[in-house]
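Chemist: Just the structure for this:
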Amino acid sequence: MPSEIRILALGALLLFVHIFVAIRFKTAQYGRNWNVGARDEALPPPSPVTGRAVRAQGNFAETFPIAIVALAGVVLAGRTSNLTAIGGWIWLAARVVYLPLYVAGVPVVRTLVFTISMIGLAIVLYPLLIG
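Modeler: The predicted model follows:
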């Protein structure tokens with residue numbers, strides 16, 4: 001199995017982690033009844049940590065489709081290489097580091113880690129774009 005597919009599977013697992021981290025903070029703030037309820041009621045603004053967990057989840061959900069296209073694309077196009085695998089691992093490692101940095105509210109370093117993750121994806125996309 002190509003490394004890029006394993007990276008995608010681990011990325012999907014990381015999406016689960018994002019979802020459960022965000023819901024854990026929301027449940028801690030709004031209560032179990034909110035969690036198991038219809039969630040129709042208006043809620044007070046999230047606490048800073050809850051808000052960061054939710055935004056980190058949203059950020060990952062926005063960028064994961066790019067990773068799917070890049071990583072699955074090189075596999076489908078037969079363009080995998082050591083470089084595309086390295087780019088994928090860079091993306092995944094940076095995204096793993098990004099979540100706790102975002103939840104902890106670490107400013108500049110979080111943005112640098114995000115940028116590194118995007119560089120990893122650019123490395124993967126390169127063979128698809130250059131042909």
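
Chemist: Show me where this protein has its helices.
Modeler: Ranges of helices within the chain are 3-30, 32-36, 48-76, 82-104, 107-130, based on DSSP state H.

Chemist: Buried residues in the third one, which are they?
Modeler: If you call a residue buried by 16 or more other CB atoms under 10 Å, then helix 48-76 has these buried ones: 50-54, 56-57, 59-60, 63-64, 66-67, 70-71, 73-75. C-beta here means a position set from N, CA and C on the backbone, and glycine is covered the same way.

Chemist: now it and helix 82-104, what's the angle there?
Modeler: 170 degrees (axes from the mean of the first three to the mean of the last three CA atoms, to 10 degrees).

Chemist: What sits closest to the residue nearest the centre of the chain if chain neighbours are left out?
Modeler: By CA atoms, centre = their mean, the chain has its centre lying nearest to residue 60, at 3.1 Å. Distance criterion CB to CB, 6 or more residues apart in numbering; nearest residue to residue 60, sequence neighbours excluded, is residue 18 at 4.8 Å.

Chemist: swap in residue 27?
Modeler: residue 35 (4.5 Å).
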